[in-house]
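Q: structure of the sequence below:
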Amino acid sequence: MTLDKGPFYHGTKAKLEVGALIKIGFSSNYGVGKKANFVYMTATLDAAIWGAELAIGDGNERIYIVEPTGEFENDPNLTDKKFSGNPTRSYRTRFPLKVVGEISKWKGHSPEALKNMKDNLNKLKEQGIEAINE
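A: The predicted structure follows:
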């Protein structure tokens, strides 16, 4: 079953080169930085922008164009838990994502929207709820 044809994006603060593989087993870009059991991608630029803006770390916010190298599934952290269906077209996989390009010009969310999102994530954190729980 094909979930989406893409193109796919990955938002982060990590500096990567074309051809690099984003793999599981490294510290997550989110929450407390637990070892990531999945890598995430989205088929919407807006969701990738959120990923870049919310990633932990001091690096520049980056959005990469990625290609999945194996099967992927809907991201259950968003699908039906927060949004009915998958309007953010967000996916996860245990297979590497191959970086095939970078979006160099994009517009981030307003400072107010970003503050609101971070405040909401902090409230969840205070309740012991991680944004990515697997």
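
Q: gap between the spatially most central residue of the chain and E126?
A: By C-alpha atoms, centre = their mean, the mean C-alpha position of the chain lies nearest to G51, the distance being 4.5 Å. Distance, G51 to E126, using C-beta to C-beta, to the nearest Å: 22 Å. In this view, the C-beta of every residue, glycine as well, is placed from N, C-alpha and C.

Q: name the SS class of the residue nearest to the centre of the chain, please.
A: Under DSSP: H, G, I helix; E, B strand; the rest coil, G51 falls in the helix class.

Q: that one touches K13, doesn't it?
A: No - using C-beta atoms under 8 Å as the test, G51 is too far from K13 to be in contact (9.6 Å).

Q: rewinding a little: contacting residues for the residue nearest to the centre of the chain?
A: For G51, the contact set (C-beta atoms under 8 Å, 6 or more residues apart in numbering) comprises Y9, H10, G11, T12, N29, Y40, T42, I63.

Q: you'd agree the last one is in a helix?
A: In other words, I63. No - counting by three-state DSSP, I63 falls outside a helix, being strand.
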